[in-house]
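>>> sharing a sequence plus its predicted fold:
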Amino acid sequence: MSEQPHPGAVRGVVILGSARSDGNTRIVVDAFVARTGFDIIDLNDYRIGFFDYNLPDRQDDFIPLVQQLLAYDVLVFATPVYWYAMSAIMKNFFDRITDLLKWHKPLGRQLRCKATALISCGSDDDTDVAFTIPFVNSAAYLGMRYQGYVHTWVEAGAVPELVHERLANFAREVVKLS
């Protein structure tokens, strides 16, 4: 049975950062969103250039996207595990946070006290907690509250029961929907 958020529940968004918008990570994200009612932002739908010290006034989608994210209480990052690390598109998003520390400080300060969490998707149940370090430390540096992590995988195009259980616990305990 699918859990739905109760009235007054936190407003959350999943920031999907995968090379494939319709890949295994999206399958897991859809299962999570079915439980939480969170919105989804797919980084593939945005034009976000690489961080560059020489381009403080870059005209791309990064700053408008951050402004959009400020409407949420919880930001859940979702990424496949590529070579023991987050996806390139997610890493690029994190690199651009430097804009908020260098040129857009008032905007960056508005992220303080927001909650963050992490969903990773790999080929199986094998993961290393070191994967979480960039997410944990970035949240701490920005004054955000890191709420936790769930590792997932997909089998034959479907979310296995064990992963459904993990996602349910993640939604209840980490995102505090119950």
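Alright, I've got the coordinates.

>>> for His104, list the residues it contacts.
Neighbouring residues of His104 by Cβ atoms under 8 Å, 6 or more residues apart in numbering: 63, 66. Bear in mind the C-beta positions are built from the backbone N, C-alpha and C, glycine included.

>>> right, I mislabeled it, should have said Phe93
Applying Cβ under 8 Å, 6+ apart to Phe93 gives the contacts 15, 17, 43, 48, 62.

>>> next: Tyr146.
Each residue near Tyr146 by Cβ under 8 Å, 6+ apart is listed here: 115-117, 135-136, 139-140.

>>> just Ala158 next, same as before
Ile27.

>>> how about the contacts of Tyr146, which pair is most distant?
The widest separation within the contacts of Tyr146, taken as Cβ to Cβ, falls between Ala117 and Ala140 and amounts to 13.9 Å.

>>> report the separation between Thr25 and Asp126.
Using Cβ to Cβ, to the nearest Å, we find Thr25 at a distance of 16 Å from Asp126.

>>> who has more neighbours, those two?
Just comparing Thr25 and Asp126: by other Cβ atoms under 10 Å the higher neighbour count belongs to Thr25, 27 against 9.
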